[in-house]
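In: fold the following.
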Amino acid sequence: MEEAFAKGESIRIIPQGESMLPMLRPGVDCVVLSAVPERLRKYDLPLYRRDSGQFVLHRIVKVGQTYACVGDNQLCVERGLRHDQMVALVTAFRRGEKEIPVTALTYQIYCRVWHWSRPVRHVWRSLRYRLRRKHERT
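Out: Next comes the predicted model:
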């Protein structure tokens, strides 16, 4: 991967796991990865390596001395991520037959709406869980 980035090339991977739903469907959609710039910005989508060695693809929701990231399908924010943990940056993704660059206006709007709706989604999930449990008891 590092050799490709050093040559200015990008690579494609198919992410696994459900943390980036609904944007990325596990095992179906593909992302285009490029080298990490000197500084990442809010809403960037880096591939990073946790201290445990696990690779993760989550969205940056806060930038400071470190980064805070969260998956689109998650509620808990992972804080304290260092720049040296960042391995690559998503520059585009393929959903079905369509390749969408991260610079596309529709994608930029999606990022902001999805991030801003996170507290509401938490309440919605909780309510849905309670209703389901109540229905199962009856």
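
In: what's the longest strand in the protein?
Out: What stands out as the longest strand in the chain, according to DSSP state E, is strand 86-95.

In: list the contacts of it.
Out: Contacts made with strand 86-95 from outside it, assessed by C-beta atoms under 8 Å, 6 or more residues apart in numbering, are listed as 1, 5, 10-12, 23-25, 29-37, 40, 44-49, 55, 57, 67, 99-102. Backbone N, C-alpha and C define where each C-beta goes, glycine included.

In: tell me the helix or strand right after it.
Out: Using DSSP states H and E, the next helix or strand after strand 86-95 towards the C-terminus is strand 98-101.

In: secondary structure element for residue 119?
Out: Of the helices and strands defined by DSSP H and E, residue 119 is found in helix 118-137.

In: what comes into contact with that helix?
Out: In contact with helix 118-137 (C-beta under 8 Å, 6+ apart) are residues 70, 75.

In: what is the distance between it and the centre of its chain?
Out: Going by C-alpha atoms, centre = their mean, to the nearest Å, the spacing between the C-alpha centre of helix 118-137 and its chain's C-alpha centre is 24 Å.

In: just the C-alpha atoms of that helix, please, in PDB.
Out: Coordinates of the C-alpha atoms in helix 118-137 are reproduced here as PDB (Å, rounded to 0.1, in the frame of the first residue of the first chain):
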ATOM      1  CA  ARG A 118     -26.500  11.100  15.500                       C
ATOM      2  CA  PRO A 119     -28.200  12.200  18.700                       C
ATOM      3  CA  VAL A 120     -31.600  11.800  17.200                       C
ATOM      4  CA  ARG A 121     -30.600   8.400  15.800                       C
ATOM      5  CA  HIS A 122     -29.600   7.400  19.400                       C
ATOM      6  CA  VAL A 123     -33.100   8.300  20.700                       C
ATOM      7  CA  TRP A 124     -34.700   6.500  17.800                       C
ATOM      8  CA  ARG A 125     -32.800   3.300  18.300                       C
ATOM      9  CA  SER A 126     -33.600   3.300  22.000                       C
ATOM     10  CA  LEU A 127     -37.300   3.800  21.400                       C
ATOM     11  CA  ARG A 128     -37.400   1.200  18.700                       C
ATOM     12  CA  TYR A 129     -35.600  -1.300  21.000                       C
ATOM     13  CA  ARG A 130     -38.100  -0.700  23.800                       C
ATOM     14  CA  LEU A 131     -41.100  -1.000  21.500                       C
ATOM     15  CA  ARG A 132     -39.700  -4.300  20.100                       C
ATOM     16  CA  ARG A 133     -39.100  -5.600  23.600                       C
ATOM     17  CA  LYS A 134     -42.600  -4.700  24.700                       C
ATOM     18  CA  HIS A 135     -44.100  -6.300  21.700                       C
ATOM     19  CA  GLU A 136     -42.100  -9.500  22.300                       C
ATOM     20  CA  ARG A 137     -43.500  -9.700  25.900                       C
END
